[in-house]
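Structure of the sequence below:
(chains A and B)
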Protein chains: 2
Amino acid sequence: MVVEPVGVVRSPYREKFAVPRQPGLAALPATLELLPPYDRAEAVRGLEAFSHVWLIFAFHATAAQGWKPTVRPPRLGGNARVGVFATRSTFRPNPLGLSVVRLVGIRTAPGVVLELEGADLLDGTPVFDIKPYLPYADALADARAGFAADGPPPRLAVTFAPAAAAVLAAHPEPRLREWLAAALGLDPRPAYKAGSDGAFGVRLFEFDVRCEVAGGCVTVLELRRA
Amino acid sequence: MVVEPVGVVRSPYREKFAVPRQPGLAALPATLELLPPYDRAEAVRGLEAFSHVWLIFAFHATAAQGWKPTVRPPRLGGNARVGVFATRSTFRPNPLGLSVVRLVGIRTAPGVVLELEGADLLDGTPVFDIKPYLPYADALADARAGFAADGPPPRLAVTFAPAAAAVLAAHPEPRLREWLAAALGLDPRPAYKAGSDGAFGVRLFEFDVRCEVAGGCVTVLELRRA
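Modelled structure (predicted):
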């Protein structure tokens, strides 16, 4: 079956290592811009009454790598192999992703744009479907989850060195500091580096962000426009 | 993007009117048979630890009818129009469905078969992806749902006339009575007929089921092998 994008995500996550491992972990802003012929106000009429939406999207950055029958979930330390269908790994037979995100607003002129929060989606992600989150059907009180039963690991503390703080102070978006701290507190490094000390860089919003990890704390050393 | 089925559902729902409007409403059995080259035990290794799975599937019976920018949800009595993206209607730009179903067992020889319960899927539904249900990410305690905030309407009482009861008594599956009652109690008629009295027929399991509705009660008159 051929599926075509109904919209495209614009998000602060400009490379895959920056993307949280599940939606809802960091309340950063993102948008979903509907594409013609779907960019009609009537197609989203009534959606404003829902607080969250499901997005079915493409893992477009990794789709070319194909599928693997087993994968090594970061949750298991990157060592144990489990079946791809027992994970939300990107290396699936069909590179389809599924995320529930908060819907904070809808703009309908010009075009149609959904304002989102908590998306775990790379900038430029193609979206194939938008469905309302239905608590009575989707929020299962009695569900049991094997190796992914617990929530994410505790967040790292994030501080800004003077050079980085100066960039934030001069930036028009007052919430940028909070957003960067939320993203970096999740430790956006690959699983095999998580928990260890050292320097790393990541692209978030319009910045190349240079950081240093020491003793469970992230220091943002530099914010350079990419 | 081209997506291909990884499996096919076998369910008691042989026509679309019989299918519950959401998953989890009736605990009928169904299976998901993986197709080659995905029918490998290793691809589902670890999945047995999860009580529920998400299925992304095709609305294959209605896909040829295309999409509509607005639809009339049964929930609103079939009168008010809302945007297709504010509903789980089948008439979507991409005919993709999303359901969470209970996983009751996995058979891995020969082939790979997931044993499901509570599926709202037509027999023969092609499935594009299987993902574990992650309570900490998917079960949102604070979600708000507009016109679909309440659960389904109350169930109808279901009784079996002597001719139908005799067929059940001779059938090898002892739970068939319970399953038929669960499906028929949801009133599988189109929304515009729901709540009114009269006769109807529906295909469930291997039967053409003839029923009569009167005063909020369904009487099963006849079970004829289709």
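
Tell me the first helix or strand C-terminal of the strand ranked longest in chain A.
The residue-count maximum for a strand in chain A (DSSP state E) belongs to strand A:96-107. Scanning forward in sequence from strand A:96-107 by DSSP states H and E, the next helix or strand is strand A:113-117.

got the angle for the helix or strand following that following strand vs strand A:113-117?
Heading C-terminal from strand A:113-117, the first helix or strand you meet, by DSSP H and E, is strand A:126-132. Using axes from the mean of the first three to the mean of the last three CA atoms, to 10 degrees, the direction of strand A:126-132 lies 80 degrees away from that of strand A:113-117.

how about the nearest residue to residue A:130, chain neighbours excluded?
residue B:85 (4.3 Å; CB to CB, 6 or more residues apart in numbering or on different chains). For glycine as for every other residue, the C-beta is placed from the backbone atoms N, C-alpha and C.

Confirm that that neighbour sits in a helix.
Yes - per DSSP: H, G, I helix; E, B strand; the rest coil, residue B:85 lies within a helix segment.

Could you break chain A into its assigned domains?
When chain A is parsed with the TED database, its domains come out as A:7-138, A:157-225.

Looking at those domains, which one is packed in the most?
domain A:7-138 (a mean of 20; mean count of other CB atoms under 10 Å in any protein chain shown).

and that domain, how far apart are its ends?
This stretch, domain A:7-138, spans 23 Å end to end (CA to CA, to the nearest Å).

quick one: it to chain centroid distance?
Relative to its parent chain, domain A:7-138 has a centroid offset of 7 Å by CA atoms, centre = their mean, to the nearest Å.

What segments of chain A are helices?
Taking DSSP state H as the criterion, chain A contains helices spanning A:135-138, A:162-169, A:176-184.

Okay, now the unreliable bits of chain A?
Where chain A drops to pLDDT under 70, the residues are A:147-150, A:191-192.

do that again at 90, thanks
In the predicted model of chain A, residues A:15-27, A:63, A:73-80, A:109-110, A:136, A:141-142, A:144-155, A:186-198, A:215-216, A:226 satisfy pLDDT under 90.

Tell me which of the helices of chain A sits nearest to chain B.
Ranking these by proximity to chain B (CB to the nearest CB) places helix A:135-138 first, at 4.3 Å.

hmm, back to that, how about the residue nearest to residue A:130, what does it touch?
Going by CB atoms under 8 Å, 6 or more residues apart in numbering or on different chains, residue B:85 touches A:6, A:43, A:44, A:47, A:53, A:130, A:131, A:132.

and the third one, how far is that from residue B:56?
Just to be clear, that refers to residue A:44. 21 Å (CB to CB, to the nearest Å).

Likewise for the second one?
Computed with CB to CB, the distance linking residue A:43 and residue B:56 is 21 Å.

where along chain A do the strands fall?
A:7-10, A:29-34, A:52-58, A:70-71, A:82-83, A:96-107, A:113-117, A:126-132, A:157-160, A:198-204, A:207-214, A:217-225.

list the helices and strands the fifth one packs on?
In other words, strand A:82-83. strand A:70-71 (3 or more CB pairs under 8 Å, 6 or more residues apart in numbering or on different chains; DSSP states H and E).

Could you check stretch A:19-26 against chain B for contacts?
Yes - counting by CB under 8 Å from any CB of the partner chain, chain B has neighbours in stretch A:19-26: A:22, A:23, A:24.

Nearest to residue A:110 among those residues?
Proximity of the residues of stretch A:19-26 next to chain B to residue A:110, judged by CB to CB, is greatest for residue A:23, which lies at 27.7 Å.

hang on, that closest one packs against residue A:101?
Yes - at 5.4 Å, residue A:23 counts as touching residue A:101 under the criterion of CB atoms under 8 Å.

list residues touching both of the two?
With CB under 8 Å, 6+ apart as the test, residue A:23 and residue A:101 both reach A:118, A:119.

Let's see stretch A:201-209 as CSV, backbone CA atoms only.
Only the C-alpha atoms of stretch A:201-209 are listed here, as CSV (Å, rounded to 0.1, in the frame of the first residue of the first chain):
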residue,chain,number,x,y,z
GLY,A,201,27.8,18.3,21.0
VAL,A,202,24.3,18.2,19.7
ARG,A,203,22.1,20.3,17.3
LEU,A,204,19.0,21.8,19.0
PHE,A,205,16.9,24.6,17.6
GLU,A,206,19.3,26.8,15.5
PHE,A,207,22.3,26.0,17.7
ASP,A,208,25.3,23.7,17.8
VAL,A,209,25.3,23.0,21.5
